[in-house]
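S.K.: sharing a sequence plus its predicted fold:
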Amino acid sequence: MKFAMRSFLVLPMLLVASACVTINIYFPAAAAEEAARAIVRDVLGVQDNGQPLPNGEAPASEAGEPAASHRSQVYAVALMNLLVKPAHAQADINIRTPAIDNIRTSMRNRSGQLAPHYASGAVGFTQDGLVAIRDMDAIPLRDRAAVQRLVADENNDRNALYREIARANDRLDWEANIRSTFARVWVEEARPGTWYQDGGSWRQK
């Protein structure tokens, strides 16, 4: 009878825990911005301290043997922690996978070729986290086809990057948030004079 009563008390707590999991799964904007800034600085070649993103671990718990009269509550709390912990584990964005590293390398290698066209205003950053040719006349005729290929390749990599970061974190629904975060950080980290889209209009930083 006592066991049945304890089980009856534990069930509502588990239901509450399940609800907490749903509520606590959110897009970690601050961690995403930090991750985006590390990648953008790496790609653009601006200042980067080279330190990995913080990846703190929860402190180990210290628990003694519970008294018999409290075991049901202890078990319930332990189960709640197991259910809730995965939601909080999303707080750090994983940006180190082979696929992401390959994309970063590709973008970093291309950045030097795009830099003169950012500086001239021929190419700018779009509001959806991509790049676009803003002024074709600023590109010598003989180089236009090559710049168009650079822009296309860069956009392919950027689209793949946002998708892979969402996939690496098992949250494909975060891709739009990741893209918008990167779109803002690209502009913030760009060198003065770079052109970018703001509300559909081109502006110079």
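M.R.: Yes, it's here.

S.K.: list the contacts of residue 120.
M.R.: Residue 120 makes contact with 135, 138, 139, according to Cβ atoms under 8 Å, 6 or more residues apart in numbering. For every residue, glycine as well, the C-beta is placed using N, CA and C.

S.K.: count of residues packed around the second one?
M.R.: By other Cβ atoms under 10 Å, the residues close to residue 138 number 14.

S.K.: the first one now?
M.R.: Counted with other Cβ under 10 Å, the burial measure for residue 135 works out to 14 neighbours.

S.K.: separation between it and residue 146?
M.R.: 16 Å (Cβ to Cβ, to the nearest Å).

S.K.: same question for residue 134.
M.R.: 17 Å.

S.K.: please apply the same query to residue 153.
M.R.: Counting by Cβ to Cβ, the gap from residue 153 to residue 146 is 11 Å.

S.K.: please say which of these two ends up with more neighbours.
M.R.: Ranked by neighbour count (other Cβ under 10 Å), residue 153 and residue 146 place residue 153 first, with 15 against 12.

S.K.: in TSV: the contacts of residue 120, plus distance to residue 43, pLDDT and secondary structure.
M.R.: Listed next are the contacts of residue 120 as TSV, based on distance: Cβ to Cβ, whole Å; pLDDT from 0 to 100; DSSP: H, G, I helix; E, B strand; the rest coil:
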residue	distance to residue 43	pLDDT	secondary structure
135	22	97	coil
138	22	97	helix
139	21	98	coil
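
S.K.: lowest confidence element among the helices and strands of this protein?
M.R.: Ranking every helix and strand in the chain by mean pLDDT, DSSP states H and E puts helix 71-88 at the bottom, with a mean of 45.

S.K.: which SSE is immediately downstream of that one?
M.R.: Of the helices and strands lying after helix 71-88 in sequence (DSSP states H and E), the nearest is helix 98-120.

S.K.: next, give phi and psi for the nearest residue to residue 125 once chain neighbours are set aside.
M.R.: With Cβ to Cβ, 6 or more residues apart in numbering as the criterion, residue 125 has its nearest non-adjacent residue at 4.3 Å, and that residue is residue 196. Per-residue torsions, residue 196: phi -150, psi 160 (degrees, to the nearest 10).

S.K.: got it, and residue 195?
M.R.: Torsion angles, degrees, to the nearest 10, at residue 195: phi -90, psi 140.

S.K.: do a quick rundown of the strands in this structure.
M.R.: 123-125, 131-133, 195-198, 201-204 (DSSP state E).

S.K.: neighbouring contacts of the third one?
M.R.: To tie it back to what came earlier, the one meant is strand 195-198. Residues contacting strand 195-198 (Cβ under 8 Å, 6+ apart): 118, 121, 123-127, 132, 134, 186-187, 190, 202-205.

S.K.: the second one too?
M.R.: Taking Cβ under 8 Å, 6+ apart as the criterion, the residues outside strand 131-133 that touch it are 114, 122-126, 139, 147-148, 151, 154-155, 158, 197.
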